[in-house]
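Participant: Structure of the sequence below:
(2 chains)
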Amino acid sequence: MKRRSFLGLVKPTLEYTTLAALSSIPLKKVPASKTATFMVPGTMEGTDLLALKVGDEVKAGQALAPIADSDDYAISTIAGKVTALEPFTDAHSNAFIAVTVEAADDQEWADSLGSDPDLAAVAANLQNGPGALCLKPVLDPETNINTILVLGMDQDLMTTAVQYAVKTRGAYLAKGIETLKKITGVSEIILVVPSDLTGNVQGCKCTIKEVGASYPSANPKLVMHNIVGKTVPAGKTLEDMGVLCLSAEAVAALGESCETGKPCVNKIVTLVAKDGEALNVQVPVGTPIQDVLDVKRIALNDGDRLILGGPMTGVATYSTSLPVLPGTDAIMVQDGAKLPEIEDASCVNCGECIKVCPAKVPVNMLVRFLENQLYVDAAEKYDLLSCVDCGFCSFVCPARIPIYQYIGLAKFELSRMAPEAE
Amino acid sequence: METNKKFVVSYAPHCHNGDRISKKSYNMMLAALPAVFFGILQYGVAALSVICLCVSTAMAWELLFNRIMKQPPTIGDGNAALTGLILGMLMPPVVPWWVIFTMTFVTILLGKVVYGGMGGNPFNPVVLGYAITRLSWGVFLDVDASLAPGYIFDFNMANPIVAIKSAVWTGAGADAAAAFPPQVLLLGQHCASIGTMFGLGLIVGGLYLIVRGYLRWELCLSYLAGVIVTAALFSAFGPEGKYAGAAFHVLTGFTLIAAFFFMAEDSSTPVNLIPMLIYGIGAGVLTVLIRNIGAYPDGVIYAFLLMNILNPLLDNIRPKALGKVVENE
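Facilitator: The predicted structure follows:
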């Protein structure tokens, strides 16, 4: 990882990894595993209501919806039998039902999508595919989506999965954008790609913009501010502005699914080994992480760190049996001996975070409030909600304060307080 | 396949640029070394003992307070040693040991510990500790008095900043300052406290800190600009020959050590651009005002104490955060 440079006079920068650095390495394909696990949002409470039971036969590409009256589902990437339904809570306290499917010998595909699907068919069959396509805001009558922002750039450092999809799946991406335009009726579609990939997306019939090479310029809120020219007010989301933000990989998967008539199940994942060497693999969603690690024969030991996502914003996890999710752009492992330590120190007011913050948040003041759990004051007086979640402040903090964790906790606590206040 | 390996689970980011507080402390001490070595060379082993006593007692007091408050020791971050070193640089070559003991005690306790340690202090601990000691036993911190018993140099042995103070009252400050041309002050051929004699050494150390990013150039340059402009205005528009020029004010007293080392103390200085400029210019203007029309020979200490108080207010002037909504009332 990049160290503090000798010349500290200028503002430190972090550069995204571009595909140019990886172009010589071909995409490795991970075959579908014996068992796959799919996460469907929802809780297991009231088990008798579950629409899916252990022992049910499922087809590849079928929407798995364990809760009968819910719109949430996951796409099974293999055909077989349901062997387990378990509750699962992720690192941000979101509840899921983990559906485990054991592969059958005969891989039969579901054909509920049909040719030339309309919005209802796409919404019922293709959401939460590779890249985590989410069309809920379009379906919601209260949200008026007038723009779709397609991000053709990875959000985190060292990750090149989305760029890889843009580079190698340009035709599907163009088809996906066309389909989106048709089924949603949204005419304004903006595709954002890094400068070296503009040549790969010329077939896309939409507005194409370039994104900068320095982290975190591909952050959706910063793309809105710097490239689209609309600033998302603090505490609001892109959807509140009428903008739906999708990953280019999700749009390409949509294009492929519509072209072939069966749901695309393969996710591109950047695998980063302990020595920092990266490699893109193609893997069916739901495959255990262990299968992906085996591609590079990565052995993990006690005290190592296994991260879903990139080094700046990824989520460290505890088991290699967890599945690759539709939004897992990277799997990264770190050697336990080389982990940077975090300290319980107080802020020394050095101002490094102020220098790097892309949202101009007064982090030095903010962190004092967050340490003392004054979340409402932090949001009202010190711009907590302007934060775009890039983690840069923690990266440069010489006192090694887990600033980004404080911010994440504060936002979580505020979101819990909001319904209580009503 | 279920593995029983225990991984480290922690919140993002999972990388760091490797910076830590101790690196700044040690780099600042490194930057101070040219000036400190020159002072020791000039004043001999007495100065060395003052520096050593300052550094060691500052560290000892901090360790003691850590123990009393049952906190993990913080002297490893180098801040106590750095505080001691800068205090030592402000000392004349001969100081009674008990003055140093008391001074470092007050500096660490009232400058740092009572506010919860490094980062919580509203005042620069060095400035506060020096000010209290100066008011209590000023005579022991007086360079001229300290040199009188034994030191003999082949240059003008009057402390310039004190020499000029009495000359200003009689309206002959510029003449008095002419006895100390800039090259003499830069190369340390004059009498001052241990670490402030060698102007060139301080400048080199300061430039190193700026280049390394441990000292914000905005603070340093705005302070020097404040001193230069105010001093130039005094000498241009004041009575003929009464006030010394800008070069004299920059190169004497604590101006250089303040510009390059006091300004690098993070907790008492602002972090946003406009506040940094106001802070620097304000401290510069006050320094010269106190020197030229105040009662004290050197205005740096009180100028900094005053600006320290203003710092939290100044730092409210900050850029608008992304997407901040200003509600009209």
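
Participant: How is the chain divided into domains?
Facilitator: Using chain A. A:35-103, A:119-260, A:352-421 (automatic domain parsing).

Participant: My question was about chain B, not that one.
Facilitator: B:21-143, B:154-314.

Participant: Show the average pLDDT along the shortest one.
Facilitator: The predicted model assigns domain B:21-143 a mean pLDDT of 95.

Participant: From the chain's centre, how far out is it? Work that out for me.
Facilitator: In terms of Cα atoms, centre = their mean, to the nearest Å, the centre of domain B:21-143 is set 11 Å apart from its chain centre.

Participant: Near the closest residue to residue B:149 other than its chain neighbours, how many other residues are there?
Facilitator: Once flanking residues are discounted, residue B:149 sits nearest to residue B:94: 7.5 Å by Cβ to Cβ, 6 or more residues apart in numbering or on different chains. Yep, even glycine has a C-beta here, placed from its N, CA and C like the rest. When neighbours are defined as other Cβ atoms under 10 Å in any protein chain shown, residue B:94 has 19 of them.

Participant: re earlier: the domains of chain A: which one's closest to residue B:276?
Facilitator: domain A:352-421 (10.5 Å; Cβ to Cβ).

Participant: Relative to the whole chain's centre, how far out is stretch A:220-232?
Facilitator: Using Cα atoms, centre = their mean, the offset of stretch A:220-232 from its chain centre is 19 Å.

Participant: Kindly report the same for stretch A:207-223.
Facilitator: 16 Å.

Participant: mind saving the C-alpha coords of that stretch as CSV?
Facilitator: The C-alpha coordinates for stretch A:207-223 follow below in CSV (Å, rounded to 0.1, in the frame of the first residue of the first chain):
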residue,chain,number,x,y,z
THR,A,207,-24.0,10.2,-22.5
ILE,A,208,-20.4,9.0,-21.9
LYS,A,209,-18.3,10.9,-19.3
GLU,A,210,-14.8,10.3,-18.1
VAL,A,211,-13.9,9.9,-14.4
GLY,A,212,-10.6,10.9,-12.8
ALA,A,213,-7.9,8.5,-11.8
SER,A,214,-7.5,9.6,-8.2
TYR,A,215,-9.4,8.1,-5.4
PRO,A,216,-12.3,8.7,-4.5
SER,A,217,-13.5,10.4,-7.7
ALA,A,218,-15.6,7.4,-8.7
ASN,A,219,-17.7,7.7,-5.6
PRO,A,220,-21.3,8.2,-6.7
LYS,A,221,-21.9,11.4,-4.8
LEU,A,222,-18.6,12.9,-6.1
VAL,A,223,-19.5,11.8,-9.6
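
Participant: what's near enough to touch the closest residue to chain A within the stretch 201-329 of chain B?
Facilitator: As assessed by Cβ to the nearest Cβ, chain A sits closest to residue B:213 within the stretch 201-329 of chain B, at 1.7 Å. Shown in contact with residue B:213 (Cβ atoms under 8 Å, 6 or more residues apart in numbering or on different chains): A:7, A:8, A:9, A:10.

Participant: can you redo the domains of chain B as CSV with distance to residue A:111?
Facilitator: Formatted as CSV, these follow (distance: least, Cβ to Cβ, whole Å):
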stretch, distance to residue A:111
domain B:21-143, 63
domain B:154-314, 61
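
Participant: Quick check: residues of the stretch 1-150 of chain B near chain A?
Facilitator: B:1-3, B:5-21, B:23-24, B:116-120 (Cβ under 8 Å from any Cβ of the partner chain).

Participant: same thing but at 7 Å, please
Facilitator: B:1-3, B:5-21, B:24, B:116-120 (Cβ under 7 Å from any Cβ of the partner chain).

Participant: which other residues reach stretch A:80-95?
Facilitator: A:35, A:39, A:41-44, A:50, A:52-58, A:66, A:96-104, A:315, A:412 (Cβ atoms under 7 Å, 6 or more residues apart in numbering or on different chains).

Participant: Sorry, wrong one. I was asking about stretch A:264-276.
Facilitator: Contacts for stretch A:264-276 (Cβ under 7 Å, 6+ apart): A:61, A:75, A:77, A:129-130, A:158-161, A:164-165, A:249, A:253, A:256-257, A:278-285, A:292, A:295-296, A:298, A:324, A:326, A:328-335.

Participant: Which of the domains of chain A comes out lowest on mean pLDDT?
Facilitator: Looking at these, the bottom one is domain A:35-103 with a mean of 88.

Participant: what about it, how long is it end to end?
Facilitator: 6 Å (Cα to Cα, to the nearest Å).

Participant: Helices of the stretch 51-200 of chain A, residue ranges please.
Facilitator: Ranges of helices in the stretch 51-200 of chain A, per DSSP state H, counting those that start in this stretch, are A:119-125, A:136-139, A:161-168, A:170-184.

Participant: Extract the CA atoms of stretch A:174-188 and return them as CSV.
Facilitator: Only the C-alpha atoms of stretch A:174-188 are listed here, as CSV (Å, rounded to 0.1, in the frame of the first residue of the first chain):
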residue,chain,number,x,y,z
ALA,A,174,-24.6,-1.4,-24.8
LYS,A,175,-27.5,-3.9,-25.0
GLY,A,176,-28.2,-3.4,-21.3
ILE,A,177,-28.3,0.3,-21.6
GLU,A,178,-30.7,0.0,-24.5
THR,A,179,-32.9,-2.4,-22.5
LEU,A,180,-32.9,0.0,-19.5
LYS,A,181,-33.9,2.8,-21.7
LYS,A,182,-36.8,0.8,-23.1
ILE,A,183,-38.1,-0.8,-20.0
THR,A,184,-37.8,2.1,-17.6
GLY,A,185,-38.6,4.9,-20.0
VAL,A,186,-35.7,7.0,-18.6
SER,A,187,-34.1,8.8,-21.4
GLU,A,188,-31.2,10.3,-19.5
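
Participant: Give me the distance between it and the centre of its chain.
Facilitator: 22 Å.

Participant: For that stretch, buried residues please.
Facilitator: Of the residues in stretch A:174-188, A:174, A:175, A:176, A:177, A:178, A:179, A:180, A:181, A:183, A:184, A:186 count as buried by neighbour count, 16 or more other Cβ atoms under 10 Å in any protein chain shown.

Participant: mind checking how far the second one is from chain B?
Facilitator: Between residue A:175 and chain B the distance is 34 Å, computed by Cβ to the nearest Cβ, to the nearest Å.

Participant: got the contact list for the residue nearest to that residue when sequence neighbours are not counted?
Facilitator: Excluding the flanking residues, the one nearest residue A:175 by Cβ to Cβ, 6+ apart is residue A:255, at 3.4 Å. Residues in contact with residue A:255 (Cβ under 7 Å, 6+ apart) are A:172, A:173, A:174, A:175, A:176, A:179.
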